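Asker: curious how this folds, go ahead:
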Amino acid sequence: MKKISIVFFIGVISMIAAGCGYHRAQLNNPLLANVHTMAIPYFKNKTFEPEAEKIFTNAFMNEFIESRKLQMVGTNEADVILYGTVRSLKEESIGYNENDKSIDNILQMVIDLQLEERTTGKVLWKRKGMRHGEDYPILDNDIQASEASKRMALQKIAKDLAERAHDSIMMGF
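Answerer: Purely as a prediction, here's the structure:
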């Protein structure tokens, strides 16, 4: 009899805990209910970083393609268009060797994004000043390797910002 009451008690507690408001975040933005296609034209680049617009555009397109929530199409066929601007890039040294030579830099990027209905121009989602930074090593006397390291940091920033923007758009934040 004691075993039955313990099992009953555990069952009741489990059911109460299951209903305590814990649930998955909604994965669909109500503003996107009738949206099936998206276009992402090349980002604008207001920095002096060569090909930053290409890196960010590719990262954002890849993120939306991989999620399979919206079909990527050209701007003339899209239900919505995501416009992006690489607004600023800041690079500074954060680590030095014993000779006060920089050995570690941080790259900080700021982008602006706006999702619009193609036919009406209505803004469905907008973020100004999305920021992200990534550090990378400066390789002693190897300019090519240091530039490759910087490019990898830039690609990581683009990927991380694309993921954040995708989740925000799809969840309606």
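Asker: quick check: beta-bridge partners of Y136?
Answerer: N105 (DSSP bridges).
Asker: contacting residues for it?
Answerer: If you count contacts by C-beta atoms under 8 Å, 6 or more residues apart in numbering, Y136 has them with 104-107, 149-150, 152-153. No exception for glycine: its C-beta is placed from N, CA and C like everyone else's.
Asker: can you do 10 Å?
Answerer: For Y136, the contact set (C-beta atoms under 10 Å, 6 or more residues apart in numbering) comprises 91, 104-107, 146, 148-154, 156.
Asker: can you turn the buried part of these into a ChimeraX selection?
Answerer: Burial among those is assessed by 16 or more other C-beta atoms under 10 Å; the matching ChimeraX selection reads:
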select :105,107,146,149,150,151,153,154
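Asker: in helices, which of the contacts of Y136 fall?
Answerer: With helices taken from DSSP state H, the overlap with those comprises 146, 148-154, 156.
Asker: so which of those is the closest to V86?
Answerer: Nearest to V86, judged by C-beta to C-beta, of the ones in helices among the contacts of Y136 is L154 at 9.7 Å.
Asker: check the closest one and give its pLDDT.
Answerer: Looking at L154, its pLDDT stands at 97.
Asker: one more: I81?
Answerer: Per-residue confidence (pLDDT) for I81: 98.
Asker: pLDDT below threshold where in this structure?
Answerer: Where the chain drops to pLDDT under 70, the residues are 1-28.
Asker: tally of neighbours for G95?
Answerer: 13 (other C-beta atoms under 10 Å).
Asker: residues contacting the nearest residue to it once chain neighbours are set aside?
Answerer: The shortest distance from G95 to any non-neighbouring residue, by C-beta to C-beta, 6 or more residues apart in numbering, is to D104 (3.1 Å). D104 sits next to 93-97, 135-138, 149 when contact means C-beta under 10 Å, 6+ apart.
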